[in-house]
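S.K.: I would like the atomic coordinates for the input below:
(2 chains)
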Amino acid sequence: MGIQEQYRNEAAELLSSGAVKLVIGYGGGSTPDRRRPVFVRSAEEVSRLVLDSYCVANLSAYLISEGLLSDGKNVAVFLKPDGIRSVNILSAEAQVNPDQVVILGFNIEGEQTTPLPGRKAADYAPLMESLRSSGLSPELQREADRLEQMSAVERFDYWKEQFAKCIKCYACRQVCPMCYCRRCIVDVNQPQWINTSSHTLGNFEWNIVRAFHLAGRCVACGGCDRACPVNIPLRLINHRMSKETLDIFGHFPGESADQKPVLATFRQDDPETFIL
Amino acid sequence: MTRILLNSRLDDCLSAWRSAGYRVIAPSRSNNLTSFDEVASAADMALDLVLPERTIKDHFFPQTEPLVRYEIKKQQIDTEEMLPPDDKRVFFGVRPCDAAGLDIDDPLFGWDYKDQYWFKRRENSVIVTIACTKADPFCMCTSVNLGPDNPKGSDIMLHPLKDGRGWQMVTLTDRGKALLETVVPMLQEDAAETASLANVPVKFDVEKAMTWLADPANFESHFWKEISQRCIGCGSCTFLCPTCHCFDIQDEGDTYSGIRRKNWDSCSFAMFTMHTSGHNPRNTQSMRWRQRIMHKFNYYRGKFGVNSCSGCGRCTRQCPVDMGITETLQEITNTAK
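M.R.: From the prediction side, this is the model:
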């Protein structure tokens, strides 16, 4: 039995036993290599679920849909390791109750999709431990190194060119499980704290505000990067912030549900290198 | 016998247009993005694209645009209107869907008030469209009664020659004729076979969908919740749409001086209809998606006699969750009686 069949059966069982009210998974998309999020509410519908190496989106963002978990019922969601980390952060930040989230875990390596046994985020503690020890993505680091080698002026020009493309569609925010504010700071308009204009300054404001808010919270799922319709390499900004919080505070986001948010806690031994 | 523009003479045309005072804007690739940009030579053009990621709309209705500079003094308020530049422009290598988008938006910008920011640019621009010989799986112009060589919104239509040497040139408007006059020496009279047009399959029955949308009984249909469940509420589809035209007016500056700007806005955003009281008449994403579809295929036609969709398919092509007009209208077509 292939992994897709196995997970369809599990989803059917979860739904028919009443263990969950909803399964959030992947379905076929408008072209052969596209997958789209699907919401399955009954065992009869599980044939809509697809699981293969094209299922890359981090579906944990749907867990923060307004009201989804407020009836106390459970929801099952297909998650890769990055998504499981997102659930841990959302739990640590009191946005979801981890007991209500049933995880259908899987991993993608090349074309191979393999099951990750477990049900609740806590079951994945050993996996989180191994992710932590392997650190940040070397692939992203290689890309980031290219930028690190630039002079400050060159790097500024690079981002100026990238941000000039931004149209403030906020796809990066909307697709991100960490962007759960019911009213984002850029939407606070009495007064309008942040310019809505999508000119170079306004685009800098938006992208830097988001990068700061993601510092120590991004799991590098790449959702924002894929969602960006104008191809801004957002992964590199987020990676840089992750590297910073890992190097300074030893913080690997999402390793457990009781990990304290790095920028909302204070330790006596925190380095204070930023104080001049 | 028709007029032929050879690839090899395109740079000469560009020079002639520049000498005649035109800026030349064409599909191009830069910074890992395809969009319409000013080009220096034919080599800078990305004419091989099915469609650039960004639309031609950017050059008529920019994402942010200054309207008025203001300064509040003790006894008076000074204002200075900031109109767009007067420069003449040639848009070369536009696709019929993007050209049609301009034509679709004309009545909107000229309905009760003639928006001079739009029309000044429209009047100073010549649209040279290249008929499509290839399409991708997201193209859907034929589903909205347009097509790969539809002349709507174009001043000149270029039909690619079968042998790939250039284009057959057909002028459609006086503006097109005037532009052609500037390059007559670069053209040749020739009989040449044009390449066959792209085959763009019809994906939904737009008339049937419109009838369904016009039925008030379907306004509260559960369909809207189902179809928009995965919508994340970003503005990608609206901002990349050649016909979406909603904007917000914002004053940028401090209490005493600043600039009033016109910025793109999107019906996908929760903030779009938020009242000062906190009440939001479209307080769910399904209501917002319904609005987008209704506006394009019901309200706009009711007001201006044309649907507000030119079938470019960008809404689906670039949607982070693979939604879009095609799927919604297909579903409606399939379920409508």
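S.K.: mind checking pLDDT for residue 203?
M.R.: Went with chain A since none was named. Predicted confidence (pLDDT) for A:Asn203: 96.
S.K.: correction: the question concerned chain B.
M.R.: Per the predicted model, pLDDT is 97 at B:Lys203.
S.K.: measure the residue nearest to it when sequence neighbours are not counted to B:Ala209 for me?
M.R.: Setting aside the residues directly before and after it, B:Lys203 is nearest to B:Ser143 in space (C-beta to C-beta, 6 or more residues apart in numbering or on different chains), at 4.7 Å. (C-beta placed from N, C-alpha, C; glycine too.) Per C-beta to C-beta, to the nearest Å, B:Ser143 is found 9 Å from B:Ala209.
S.K.: looking at this, the residue nearest to B:Lys203 is in a helix?
M.R.: Yes: B:Ser143 forms part of a helix when assessed by DSSP: H, G, I helix; E, B strand; the rest coil.
S.K.: that one reaches B:Phe204, doesn't it?
M.R.: Yes: counting by C-beta atoms under 8 Å, B:Phe204 is a contact partner of B:Ser143 at 5.2 Å.
S.K.: can you list residues touching both of the two?
M.R.: Common contacts of B:Ser143 and B:Phe204, defined by C-beta atoms under 8 Å, 6 or more residues apart in numbering or on different chains, comprise B:Thr326, B:Leu329.
S.K.: could you check which of those two is surrounded by more residues?
M.R.: Neighbour totals were compared for B:Ser143 and B:Phe204, and B:Ser143 leads with 23 against 20 (other C-beta atoms under 10 Å in any protein chain shown).
S.K.: need the contact list for that one.
M.R.: B:Ser143 sits in contact with B:Val202, B:Lys203, B:Phe204, B:Val206, B:Gly311, B:Thr326, B:Leu329, where contact means C-beta under 8 Å, 6+ apart.
S.K.: if I look at B:Met1, what pLDDT would I see?
M.R.: B:Met1 is given a pLDDT of 62.
S.K.: now A:Met1
M.R.: So, for A:Met1, pLDDT stands at 79.
S.K.: please report how far it lies from chain B.
M.R.: 27 Å (C-beta to the nearest C-beta, to the nearest Å).
S.K.: what about the spatially closest residue to that residue that is not a sequence neighbour, helix or strand, and which?
M.R.: Closest residue in space to A:Met1, ignoring its immediate chain neighbours: A:Asn9 at 8.0 Å, by C-beta to C-beta, 6+ apart. Using DSSP states H and E, A:Asn9 sits within helix A:3-16.
S.K.: what does chain B have sitting close to chain A?
M.R.: Neighbours of chain A within chain B, by C-beta under 8 Å from any C-beta of the partner chain: B:31-33, B:53-54, B:63-64, B:137-138, B:229-230, B:232-236, B:238-240, B:248, B:250, B:252, B:261, B:263-264, B:266, B:269-271, B:276, B:316, B:318, B:320-324, B:326-327.
S.K.: let me see the domain layout of the chain.
M.R.: Assuming you mean chain A. Chain A is divided into the following domains under automatic domain parsing: A:3-134, A:138-251.
S.K.: try chain B instead
M.R.: Taken from automatic domain parsing, chain B resolves into B:2-190, B:206-335.
S.K.: in a markdown table: the contacts of B:Ser143, plus distance to B:Ser154.
M.R.: Listed next are the contacts of B:Ser143 as a markdown table, based on distance: C-beta to C-beta, whole Å:
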| residue | distance to B:Ser154 |
| --- | --- |
| B:Val202 | 22 |
| B:Lys203 | 23 |
| B:Phe204 | 25 |
| B:Val206 | 21 |
| B:Gly311 | 15 |
| B:Thr326 | 24 |
| B:Leu329 | 25 |
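S.K.: using the three-state scheme, assign A:Gly105.
M.R.: strand.
S.K.: what about it, how many neighbours?
M.R.: 22.
S.K.: now do it against A:Tyr180, distance only.
M.R.: Here A:Gly105 is placed at a distance of 22 Å from A:Tyr180 (C-beta to C-beta).
S.K.: out of the contacts of B:Ser143, which is nearest to chain A?
M.R.: Distances from chain A to the contacts of B:Ser143, taken as C-beta to the nearest C-beta, are shortest for B:Thr326 (7.1 Å).
S.K.: still on that earlier bit, reformat the domains of chain A as a markdown table; add distance to B:Ala99.
M.R.: A markdown table is the format used below for the domains of chain A (distance: least, C-beta to C-beta, whole Å):
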| stretch | distance to B:Ala99 |
| --- | --- |
| domain A:3-134 | 25 |
| domain A:138-251 | 21 |
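S.K.: check the separation of the first and last residues in stretch A:256-264.
M.R.: Its first and final residues considered, stretch A:256-264 spans 16 Å by C-alpha to C-alpha, to the nearest Å.
S.K.: now swap in stretch B:211-231 and tell me
M.R.: OK, stretch B:211-231 end separation, C-alpha to C-alpha: 24 Å.
S.K.: which positions within that stretch qualify as buried?
M.R.: Residues of stretch B:211-231 classed as buried: B:Trp212, B:Leu213, B:Asn218, B:Ser221, B:Phe223, B:Trp224, B:Ile227, B:Ser228, B:Gln229, B:Arg230, B:Cys231 (neighbour count, 16 or more other C-beta atoms under 10 Å in any protein chain shown).
S.K.: residues in contact with A:Gln4?
M.R.: Contact partners of A:Gln4, counting by C-beta under 8 Å, 6+ apart, are A:Leu49, A:Val50, A:Leu51, A:Asp52, A:Thr113.
S.K.: revised request: answer the last question for B:Glu193.
M.R.: With C-beta under 8 Å, 6+ apart, B:Glu193 has these contacts: B:Leu161, B:Lys162, B:Asp163.
S.K.: which one of those residues is nearest B:Trp17?
M.R.: B:Leu161 (21.1 Å; C-beta to C-beta).
S.K.: any idea how far the closest residue to that closest one other than its chain neighbours lies from B:Ile77?
M.R.: Of all residues beyond its chain neighbours, the one nearest B:Leu161 is B:Ala192 (5.0 Å), with distances taken as C-beta to C-beta, 6+ apart. The gap separating B:Ala192 from B:Ile77 is 62 Å, by C-beta to C-beta.
S.K.: who has more neighbours, these two?
M.R.: Neighbours were counted for B:Ala192 and for B:Ile77 using other C-beta under 10 Å; B:Ala192 has more, 17 against 10.
S.K.: now the strands: where do they sit in the chain?
M.R.: Chain wasn't specified; assuming chain A. A:22-28, A:35-40, A:75-79, A:101-109, A:112-116 (DSSP state E).
S.K.: um, chain B though
M.R.: Counting by DSSP E, the strands of chain B are B:2-6, B:22-30, B:33-38, B:64-72, B:77-81, B:88-94, B:125-130, B:156-160, B:166-171, B:188-190, B:247-253, B:257-264.
S.K.: so how far is A:His213 from the closest residue in space to A:Lys243 that isn't next to it in sequence?
M.R.: In space, and not counting its chain neighbours, A:Lys243 is closest to A:Leu136: 6.0 Å by C-beta to C-beta, 6+ apart. Applying C-beta to C-beta, the value for A:Leu136 to A:His213 is 19 Å.
S.K.: give me the pLDDT for the residue nearest to the spatial centre of chain B.
M.R.: For chain B, the residue sitting closest to the mean C-alpha position, by C-alpha atoms, centre = their mean, is B:Pro242 at 2.2 Å. B:Pro242 is assigned 98 on the pLDDT scale.
S.K.: residue contacts, the nearest residue to it once chain neighbours are set aside?
M.R.: The shortest distance from B:Pro242 to any non-neighbouring residue, by C-beta to C-beta, 6+ apart, is to B:Gly101 (2.9 Å). Counting by C-beta under 8 Å, 6+ apart, B:Gly101 touches B:Thr55, B:Ile56, B:Lys57, B:Gly153, B:Cys241, B:Pro242, B:Thr243, B:Ser310, B:Cys312.
S.K.: could you check how far the last one is from A:Phe266?
M.R.: Separation of B:Cys312 from A:Phe266 (C-beta to C-beta) stands at 52 Å.
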